[in-house]
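[1] Fold the following.
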Amino acid sequence: MCDYSKKITIEMAQTQRPVRVYADGIYDLFHQGHARQLMQAKRVFPNVYLLVGVCSDSLTHENKGRTVMDENERYEAVRHCRYVDEVVRDAPWTLDDDFLNKHKIDFVAHDEIPYSAGSSDDIYAHIKARGMFVATERTEGVSTSDVVARIVKDYDVYVRRNLARGYSARELNVGYIKEKTFRLQNKMDELKNKGKKVIENIGEKRQDLIQKWEDKSKEFIGNFLLLFGREGRISHFWNEGKGRIRQALSPPSSPPRSLNTSSSSRRHYDSG
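    Presented below is the predicted three-dimensional model:
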């Protein structure tokens with residue numbers, strides 16, 4: 001059994017004396033729910049030194065299942081959390097006295113929901129019985145399982161995205177036919193997006209095009225009237241041409257003879 005002759009009580013922990021608090025987990029795909037749990041553990045008492053145990057791959061695969069990140073990635077993810085003072089690698093699934101003594105653990109922080117494993121209905125039951133348990137609250141709506149479920153749900157989208165980014169079908173564990181199907185879908189989406197951008201650009205420039213069309217129409221009508229209107233150039237040329245043709249076809253008549261000339265001629269004839 002652990003020697004708890006110098007055991008720190010909850011009342012003592014509420015003072016400024018250092019308190020060693022331990023939290024543990026898998027911490028796969030480290031997310032804000034993990035960070036909030038560690039923040040609560042760090043702030044449970046005024047002066048907390050927070051140790052965080054992270055289970056190894058072999059232990060996790062045996063008791064819970066496969067992880068997305070390997071153990072070293074999970075260790076590093078936790079180590080970079082601002083609330084963590086120390087990472088305990090290859091942490092045990094259940095806490096025994098040797099482990100508690102070795103790390104001088106005063107309190108264990110975890111949510112209050114019983115965590116069953118093997119024949120035990122709650123692996124933290126003995127910690128709770130000794131008054132060493134402090135409860136944290138889970139963040140609703142976020143968990144590693146939820147993140148994985150979203151990835152699985154949109155599996156095709158992520159595969160297509162990574163193929164477009166240069167990953168090989170082998171790296172993504174995708175068959176030949178499936179790869180070609182995804183690549184064809186990517187091309188179709190690319191063409192669709194280009195067409196959408198063209199339509200959007202036309203929509204943005206529509207008012208400018210309409211205004212330019214109206215200006216050109218007015219200019220065309222003005223030029224047409226300038227040429228063919230009643231006061232236009234062609235009308236002017238036509239009227240001028242008609243006048244010249246009329247003059248050519250109808251020359252002016254000879255001036256009439258004077259009466260004086262006729263009378264003198266007659267007198268000259270009579271005198272002869």
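
[2] what about the strands in the stretch 1-150 of the chain?
    Assigned by DSSP state E, counting those that start in this stretch, the strands in the stretch 1-150 of the chain fall at 19-25, 48-54, 86-89, 107-111, 133-136.

[3] of all those strands, which lies closest to Glu171?
    strand 48-54 (26.9 Å; CB to CB). The way it works is simple: take the backbone N, C-alpha and C, and place the C-beta from them, glycine included.

[4] Okay, now the unreliable bits of the stretch 1-150 of the chain?
    Along the stretch 1-150 of the chain, the parts satisfying pLDDT under 70 run over 1-5.

[5] Compute the distance between Asp28 and Ala91, please.
    Asp28 sits 14 Å away from Ala91, going by CB to CB, to the nearest Å.

[6] which one of the two has more residues nearby?
    Asp28 (25 against 21; other CB atoms under 10 Å).

[7] what's the closest non-adjacent residue to that one?
    Thr67 (4.4 Å; CB to CB, 6 or more residues apart in numbering).

[8] The spatially most central residue of the chain: which element?
    In the chain, the C-alpha nearest the mean C-alpha coordinate belongs to Arg161, at 12.9 Å (CA atoms, centre = their mean). Following DSSP states H and E, one finds Arg161 within helix 155-164.

[9] how about that helix: buried residues?
    Residues Val159, Arg160, Leu163 are the ones in helix 155-164 that count as buried (16 or more other CB atoms under 10 Å).

[10] Let me know whether the first one touches Val174 as I believe.
    Yes - between Val159 and Val174 there is a contact under CB atoms under 8 Å: 6.0 Å.

[11] Next, the distance between the ends of stretch 74-94.
    With CA to CA, to the nearest Å as the measure, the ends of stretch 74-94 fall 19 Å from one another.

[12] I'd like the distance from it to the chain centre, please.
    Computed by CA atoms, centre = their mean, to the nearest Å, the chain-centroid distance of stretch 74-94 equals 32 Å.

[13] now stretch 44-56
    That offset, for stretch 44-56, works out to 36 Å (CA atoms, centre = their mean).

[14] for stretch 57-75, same thing?
    That offset, for stretch 57-75, works out to 31 Å (CA atoms, centre = their mean).

[15] Give me the residues contacting it.
    26-30, 54-56, 77, 87, 89-90, 92-93, 117, 144, 148 (CB atoms under 8 Å, 6 or more residues apart in numbering).

[16] 7 Å instead, please
    Contact with stretch 57-75 is made by Ile26, Tyr27, Asp28, Leu29, Val54, Ser56, Val87, Arg89, Trp93, Ala117, Val148, as judged by CB atoms under 7 Å, 6 or more residues apart in numbering.

[17] show me what contacts Pro92?
    Pro92 neighbours (CB under 7 Å, 6+ apart): Phe99.

[18] What about it? Give its phi and psi, please.
    phi -70, psi 160 (degrees, to the nearest 10).

[19] Asp121 versus that one, what's the distance?
    From Pro92 over to Asp121 (counting by CB to CB), the distance is 18 Å.

[20] Likewise for Val159?
    41 Å.

[21] what about the residue nearest to Asp28, how many residues close to it?
    19.

[22] just Phe107 next, same as before
    Phe107, neighbours per other CB under 10 Å, totals 22.

[23] show me where the stretch 101-250 of the chain has helices.
    All helices of the stretch 101-250 of the chain, identified by DSSP state H, counting those that start in this stretch, fall at 125-129, 144-153, 155-164, 176-228, 233-249.

[24] Which of the ones you listed comes out lowest on mean pLDDT?
    Least confidently modelled of those is helix 233-249, at a mean of 66 by mean pLDDT.

[25] list the contacts for Thr136?
    Counting by CB under 7 Å, 6+ apart, Thr136 has contacts Gln37, Gln40, Ala41, Ala109, His110, Asp111.

[26] And those residues, which of them are buried?
    Buried subset of these (neighbour count, 16+ other CB under 10 Å): Gln37, Gln40, Ala41, Ala109, His110.
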